[in-house]
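**Student:** what's the 3D shape of this:
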Amino acid sequence: QVQLVESGGGLVQAGGSLRISCAASGRDVGASAMAWFRQAPGKVREFVSAISWSGSLTSYVDSVKGRFTISRDNAANTVYLQMNSLKPEDTAVYYCAARNTYWSFRGSDYPYWGQGTQVTVSS
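**Tutor:** Residues are numbered from 1 along each chain as shown. As a prediction, the model looks like this:
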């Protein structure tokens, strides 16, 4: 079992920056691929970014490439998403997810999820 707790969401103006975090705990934390998904009101959940357990491989949805950076600190069992040049369309609840194998674009492949953190970007 893995428990995930997101933090760091909030309200920011367009063009601003925010860093959200996901703290992992539990017996199966080690060697877990981690990902961020987001869901805006009235929209389906979408993949945002993922990182391999070593941190050497990362992936981003096209809409955030060049603006968002995913990273992890395995000593602290924490994954981060640094979000720069934020746009109103980035407004969503951001969820952290984990799986004990390679990362995936599909949310259904992740058995462990956090409760989400709200990110609101004002225009």
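**Student:** can you give me phi and psi for residue 26?
**Tutor:** phi 120, psi 170 (degrees, to the nearest 10).
**Student:** nearest residue to it other than its sequence neighbours?
**Tutor:** Ranked by C-beta to C-beta, 6 or more residues apart in numbering and with sequence neighbours excluded, the top spatial neighbour of residue 26 is residue 2, at 4.3 Å. (C-beta placed from N, C-alpha, C; glycine too.)
**Student:** leaving aside the residues adjacent along the chain, what's closest to the residue nearest the centre of the chain?
**Tutor:** The residue lying closest to the centre of the chain (C-alpha atoms, centre = their mean) is residue 36, at 2.4 Å. Sequence neighbours aside, residue 48 is the residue nearest to residue 36 in space, at 4.3 Å (criterion: C-beta to C-beta, 6+ apart).
**Student:** which of the helices or strands spans that neighbour?
**Tutor:** Using DSSP states H and E, residue 48 falls within strand 46-51.
**Student:** quick one, what contacts the residue nearest to residue 36?
**Tutor:** Applying C-beta atoms under 8 Å, 6 or more residues apart in numbering to residue 48 gives the contacts 35-38, 60-61, 64, 68, 81, 94.
**Student:** any weak-confidence spans in this structure?
**Tutor:** 28-30 (pLDDT under 70).
**Student:** what strands flank the strand holding residue 48, and is each parallel or antiparallel?
**Tutor:** Here strand 46-51 is paired, per DSSP bridges, with strand 33-39 (antiparallel), strand 58-60 (antiparallel).
**Student:** now that strand: buried residues?
**Tutor:** For strand 46-51, burial by neighbour count (16 or more other C-beta atoms under 10 Å) applies to 47-51.
**Student:** isn't residue 35 right next to residue 97, touching?
**Tutor:** Yes. At 4.8 Å, residue 35 counts as touching residue 97 under the criterion of C-beta atoms under 8 Å.
**Student:** please state the offset of stretch 98-115 from the chain centre?
**Tutor:** 11 Å (C-alpha atoms, centre = their mean, to the nearest Å).
**Student:** straight-line length of it, end to end?
**Tutor:** Stretch 98-115 has an end-to-end distance of 13 Å (C-alpha to C-alpha, to the nearest Å).
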